[in-house]
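> predicted model, plus sequence, below.
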Amino acid sequence: MNKVKILIEGYAKETDNGWKANSSVTLIISNGKKMIADPGCNREKLIESLKKEGLSVDDIDYVLLTHGHPDHTVLAGIFKNAKIIDELYVYDKDLISQHNGVVPGTDVRVIRTPGHKEEHCSFVIPTPEGTYVVAGDVFWWTEDQKQEVDINKPDNDPEHTNMEKLIASRKKILEIADFVIPGHGKVFKTNR
C-alpha cells in the first residue's frame, strides 16, 4: 500500500527583486522505499518536516525530480544514500541507467509531461484513496492567484518552452489523477 504525504506545500511570491519560492515537497512510500519528490530549496523546513515523520535525510532511498529548476532541486544532494530519478534516468553516484517509466522496486510511474520545461516529468502514485500525481510545474500558482484549474492558463514562467505541450500535459494528468500535487499551491482533487 503506497503512502503520499505533502511535507511542504509549495509557494511562490514575486518580490521587488525576484521571487520567494519553494516547490511542493512530497514524501512517497512504496514497497518500503522512501522517496522525496522535488526536495525544494528550504533546508530548515525540509529537515523539520522529515523529523515530524520520524525520518532523516539518511533514510531516503530516492529523490524524484520533476524538472531542473533550482526551487525544486537545490536540496537533492543532501540525501547521501538516495538515487536520483528524472524523466529518463536513475543516477546512482556516477552510474546512470534507464528506469523505463517506473521507479525501481516500486509501482510509482514516471510520465513525461513537457511544456513548462522540455525535460519535465510527473510521478503517478496509486493509493487506496485514489491516484496521486506529483505534477511539478505543469500546474502552479503564485500566492496571490486564485487556484483555479484551467488547462489553458498561461505559464508565466519566462523559461517555459511550449504552451501547446503544456496544455497536452495538463490534459494527460487530469485524465489519470484523482489528486494533483502542483509545483506551487494546494493539492487539488480532480473531477475524474
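Perfect, thanks for sending it. Worth saying up front: this structure is predicted, and the values here are computed from it rather than measured. Numbers count the residues shown, from 1 in each chain.
> what residues of stretch 146-154 count as buried?
Buried residues in stretch 146-154, counted by 16 or more other C-beta atoms under 10 Å: residue 153. C-beta coordinates here come from the backbone N, C-alpha and C atoms, glycine included.
> and what of stretch 167-181?
For stretch 167-181, burial by neighbour count (16+ other C-beta under 10 Å) applies to 167, 169-170, 172-174, 176-177, 179-181.
> show me the two of those that sit farthest apart.
Greatest spacing in the buried residues of stretch 167-181, by C-beta to C-beta: 167 and 179 (20.5 Å).
> of the buried residues of stretch 167-181, closest to residue 119?
Nearest to residue 119 among the buried residues of stretch 167-181, with distances taken as C-beta to C-beta, is residue 169, at 12.2 Å.
> just for the chain, where's the confidence low?
The model of the chain has pLDDT under 70 over residues 158-160.
> for the helix ranked longest in it, packing partners?
In the chain, taking DSSP state H as the definition, the longest helix is helix 163-176. Where contact means 3 or more C-beta pairs under 8 Å, 6 or more residues apart in numbering; DSSP states H and E, helix 163-176 is packed against strand 121-127, strand 130-140.
> winner for burial among these?
Highest mean neighbour count of these: strand 130-140, a mean of 26 (counted as mean count of other C-beta atoms under 10 Å).
> give the pairing partners of that one; include direction for each.
strand 121-127 (antiparallel), strand 179-184 (parallel) (DSSP bridges).
> those strands: which one's closest to residue 20?
strand 179-184 (10.9 Å).
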